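Asks: got a predicted model here, sequence first, then my questions.
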Amino acid sequence: MGKYFGTDGVRGVANTELTPELVFKLGRAGAYVLTKEKCHAPKIIVGMDTRISGDMLEAALTAGMCSVGAQVVCLGVIPTPAVAHLVREYNADAGVVISASHNPVKDNGIKFFNSSGFKLRDELEYEIEKVMDDAPDELPRPIGVEVGTKTVSENAVEDYVKFLSSTTDVKLEGLKIAIDCANGATYKAAPLTLNALGAEIYAIHREPDGTNINFNCGSTHMESLVEYVKEIKADVGIAFDGDGDRCLAVDENGEIVDGDQIMAVCANYLKEIGKLKNNTVVATVMSNLGLFIMGRDKGINIEKTNVGDRYVLERMLEGGECLGGEQSGHIIFLEHNTTGDGICTAIQLLSIMKKTGKKLSELKKIIEVLPQVLVNAEVDNKKKNDYLSNPVIKAEIDKLEKKFEGNGRVLIRPSGTEPIVRVMIEGRDKDVLLREAQSLAKLIEEELN
């Protein structure tokens, strides 16, 4: 990771870590680096989620980009994957999203997409950081008619909905669907899309007020959707996260269906109809062992990468795969979009239910999910990687790995976006897993804080 960029853009607490001053500099440097080869005034689209700090940061970002001559088109509140798609549909030179995804409302972030709708390579991020820190600032400062301008798009959500509707060849009539919009960026697009496809939609957490994004709702807090599905007797429930790049599901019995299970269902269906490229799915080291067992049994190769959608996407592009993703529900259907797209994922899953006539509870039986426990150790951001060199922590990890060898696994990794170290243990006895994971997380906190 660089000085400003983490694993998913530039993030921090809005107005203290991610200040308007920093975002102004980021806008100037980002617009310049991404469009310096253009022979025309660069066009950059900007979208955001529903956080209260979004307007403040949009103003700073837009000012920075306009100061180097960019023509900025503000899309308003719209999912992250919409920007990845619309940057291509609108023939823009770059796209920017103001969002901290599934993080709490106090956080916010800035992430860039290039003109092809892909997140930036490390080299470009490092170049942007270098330009930001250059003293004096020698970037262009156009004057008069060459100063950049801001316009507002009134049709962005509608254009995104049209695209989403085109990702399936089946209507969803007869499906009663509960959706949880996380009071985030999908609150308009998700109901509009699923209604357009003929589904019977019942939505919760679709009244954002700037402060309630991800608060006890969405893909990180599934409890209310589980209860709602059972209460209204829905055929399926769909949960999105704050910026709309993730999707998890709930079957008709109120059982949560995670990203690994969704990938298993979609991979098996695509293989059956001859559309799973290379008979391969790209997953991560955090994916459940059950996914790999399913792949072995069904003749599907499961490639494994480091955690992070950028690594999943890199492997997909290298091998030419069409499906990959993470247990969190960040799933990439590369035939349709260049990044994880929660609404698109939901459409693919719902289309399989419709085409096969099977309930989600039946479809998900293709994968047996082994118990997996994840406990977070809260650690200062600067010390997140120190567990690797701490002899006490290392000895305990070695002990656990020997204990679960052959019957599970232990995986420790620092979060790329939050001040935590994740402790994941997988095995057969969930009570034992939880006890061991909590004990190790406590030890990490004691040793590193």
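Replies: Thanks, I have the structure now.
Asks: gap between the helix or strand bottoming out on mean pLDDT in the chain and the chain center?
Replies: Lowest by mean pLDDT, DSSP states H and E among the helices and strands of the chain is strand 409-414, with a mean of 88. Mean C-alpha position of strand 409-414 versus that of the full chain (CA atoms, centre = their mean, to the nearest Å) differs by 20 Å.
Asks: kindly report the same for stretch 40-58.
Replies: That offset, for stretch 40-58, works out to 18 Å (CA atoms, centre = their mean).
Asks: separation between Asp341 and Thr193?
Replies: For Asp341, the distance to Thr193 equals 11 Å [CB to CB, to the nearest Å]. For the C-beta atoms, the positions are set from N, CA and C on the backbone; glycine is no exception.
Asks: ok, these two, which is more surrounded?
Replies: It is Asp341, of Asp341 and Thr193, that has more neighbours when counted by other CB atoms under 10 Å, with 30 against 25.
Asks: contacting residues for the residue nearest to that one when sequence neighbours are not counted?
Replies: Once flanking residues are discounted, Asp341 sits nearest to Pro81: 3.6 Å by CB to CB, 6 or more residues apart in numbering. By CB atoms under 8 Å, 6 or more residues apart in numbering, the contact set of Pro81 is 244-245, 337, 339-344.
Asks: and what of Asn108?
Replies: So Asn108 contacts 11-12, 14, 18, 51, 53-54, 57, 98-100 (CB under 8 Å, 6+ apart).
Asks: cool, Pro42 as well?
Replies: Residues in contact with Pro42 (CB under 8 Å, 6+ apart) are 31, 34-35, 69-71, 93-94.
Asks: let's see which of these end up in helices.
Replies: Counting by DSSP state H, the part of the contacts of Pro42 found in helices is 31, 34-35.
Asks: closest to Asp309 out of these?
Replies: Leu34 (20.0 Å; CB to CB).
Asks: and the pLDDT at that closest one?
Replies: pLDDT recorded at Leu34 is 91.
Asks: could you report the neighbour count for it?
Replies: Neighbours of Leu34 (other CB under 10 Å): 25.
Asks: that one - nearest residue in space that isn't next to it in sequence?
Replies: Nearest to Leu34 is Ala94, by CB to CB, 6+ apart, at 4.4 Å.
Asks: what of Gly244?
Replies: Pro79 (2.9 Å).
Asks: which stretches of the stretch 251-400 of the chain form strands?
Replies: Taking DSSP state E, counting those that start in this stretch, the strands of the stretch 251-400 of the chain run over residues 256-257, 280-284, 301-305, 323-325, 331-333, 372-378.
Asks: okay, those in CSV with distance to Phe113 and mean pLDDT next?
Replies: As requested, the strands of the stretch 251-400 of the chain are exported to CSV (distance: least, CB to CB, whole Å; pLDDT from 0 to 100):
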stretch, distance to Phe113, mean pLDDT
strand 256-257, 29, 98
strand 280-284, 20, 97
strand 301-305, 20, 96
strand 323-325, 18, 98
strand 331-333, 14, 98
strand 372-378, 29, 92
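Asks: out of the ones you listed, which comes closest to Ile45?
Replies: Nearest to Ile45, of all those, is strand 331-333, at 20.6 Å by CB to CB.
Asks: who are the packing partners of that closest one?
Replies: Under the contact definition 3 or more CB pairs under 8 Å, 6 or more residues apart in numbering; DSSP states H and E, strand 331-333 sits against helix 259-272, helix 309-319, strand 323-325, helix 342-356.
Asks: buried ones in the second one, by neighbour count?
Replies: By neighbour count, and taking 16 or more other CB atoms under 10 Å as the criterion, the buried residues in helix 309-319 are 309-316.
Asks: go on, stretch 353-363?
Replies: 353-354, 360, 363.
Asks: same question, stretch 129-136
Replies: Those would be 129, 131-132, for stretch 129-136 by 16+ other CB under 10 Å.
Asks: so where's the protein uncertain?
Replies: Residues of the chain that meet the criterion pLDDT under 70 lie in 1-2, 406.
Asks: center of it - which residue?
Replies: Asp245 (4.2 Å; CA atoms, centre = their mean).
Asks: so how far is Ala264 from Leu270?
Replies: In this view, Leu270 and Ala264 are 11 Å apart by CB to CB.
Asks: who has more neighbours, these two?
Replies: Using other CB under 10 Å as the criterion, Leu270 and Ala264 rank with Ala264 on top: 31 against 21.
Asks: using the three-state scheme, assign Ala135.
Replies: Three-state assignment for Ala135 (DSSP: H, G, I helix; E, B strand; the rest coil): coil.
Asks: any figure for the gap between it and Asn278?
Replies: 49 Å.
Asks: over to Met263?
Replies: 15 Å.
Asks: so between those two, which is more surrounded?
Replies: Met263 (30 against 12).
Asks: relative to Val281, how far out is that one?
Replies: 6 Å.
Asks: what do the two both touch?
Replies: Residues touching both Met263 and Val281 by CB under 8 Å, 6+ apart: 291, 323-324.
Asks: so which of those residues is the closest to Ala395?
Replies: Checking the shared contacts of Met263 and Val281 one by one against Ala395 (CB to CB), the nearest turns out to be Leu291, at 30.5 Å.
Asks: wait, that closest one sits on Val265?
Replies: No. In this structure, Leu291 is not within contact of Val265 by CB atoms under 8 Å, at 11.0 Å.
Asks: so what sits against both of those two?
Replies: Ile367.
Asks: quick one, what contacts the residue nearest to Gly244?
Replies: Pro79 makes contacts with 47, 160, 185-186, 189, 240, 243-245, 341-343, as judged by CB under 8 Å, 6+ apart.
Asks: give me the buried subset of the residues you listed.
Replies: Buried members of those, scored by 16+ other CB under 10 Å, are 47, 160, 185-186, 189, 240, 243-245, 341-343.
Asks: just those: which are in helices?
Replies: Per DSSP H, the buried ones among the contacts of Pro79 map to helices at 160, 189, 342-343.
Asks: now for these, which pair is the farthest apart?
Replies: Tyr160 and Gly342 (12.1 Å).
Asks: break this structure down into its domains, please.
Replies: Domains of the chain are assigned by automatic domain parsing as 10-154, 159-366, 372-448.
Asks: buried sites along the helix or strand where Val10 lies?
Replies: Here Val10 sits within strand 10-13, counting by DSSP states H and E. By 16+ other CB under 10 Å, the buried positions in strand 10-13 come out as 10-12.
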